[in-house]
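> What would the 3D arrangement of this be:
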Amino acid sequence: MLKSWESIEDDAEEEDFKRLSAEEVKALQQSMPKMSPWTVLGAQVLVGVLVSLLVWLVTDLAVAAWSAAYGALAVVVPALVFLRGLRRQQGAQNAGAALGGFFVWEMVKVVLTVAMLFAAPRLILELNWLALLAGFVVTMKVYWVAMWLHSGRKKSVAKL
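The predicted structure is shown next:
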């Protein structure tokens, strides 16, 4: 007899799901490392500075280093605004309002990033677009590295 997709999915969920007691949940929460978004932001600042210095050493052009730094700033400044906005949302009593606030601040972050990139040619004379792109992309990738490192820690905790 053939099973429907829904019953197959239900069976798979039941096999993978294990109810935890309140004590087990508390122990699991305490054993899992927490990553602060402020730590990620600090790592982005550090990576942005390193990329700018590397570009300066490789090209020996100050304008290229400033371009790379501006690319990093186009990631860091909107992320800072986003985190400050989310901090205000922490006290929200309504989950819907908190979710709405999250989307609003994410939109502010995206618009600010685009505005900074459009303003770059006016702010930096003889802008080096390749250096700006390098600073922007490498600094943006810090999010992915942080998620990857954090997920690796979760897997090592799960093995315990």
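
> mind listing the helices in the chain by residue range?
Using DSSP state H, the helices of the chain run over residues 5-16, 22-31, 37-59, 62-89, 95-123, 129-140, 142-158.

> And the fourth one, what's buried?
Right, helix 62-89. Residues 63-76, 78-80, 82-83, 85-86 are the ones in helix 62-89 that count as buried (16 or more other CB atoms under 10 Å). Where you see a C-beta, it was placed from the backbone N, CA and C, and this is true even at glycine.

> returning to that earlier point: mind putting the helices of the chain into a markdown table with mean pLDDT?
Supplementary listing: those in a markdown table, determined by pLDDT from 0 to 100:
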| stretch | mean pLDDT |
| --- | --- |
| helix 5-16 | 58 |
| helix 22-31 | 76 |
| helix 37-59 | 92 |
| helix 62-89 | 92 |
| helix 95-123 | 90 |
| helix 129-140 | 94 |
| helix 142-158 | 67 |
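
> give the contact list for the most centrally placed residue in the chain.
Per CA atoms, centre = their mean, the C-alpha nearest to the average position across the chain is that of Tyr143, at 3.7 Å. Tyr143 is in contact with 40, 44, counting by CB atoms under 8 Å, 6 or more residues apart in numbering.

> can you tell me how far it sits from Glu23?
To Glu23, Tyr143 is 34 Å away according to CB to CB, to the nearest Å.

> Spatially nearest residue to Leu53, not counting backbone neighbours?
The shortest distance from Leu53 to any residue other than its chain neighbours is 7.1 Å, reached at Ala65 (CB to CB, 6 or more residues apart in numbering).

> Surely that neighbour touches Val58?
No. The criterion here is CB atoms under 8 Å, and Ala65 misses it with Val58 at 9.6 Å.
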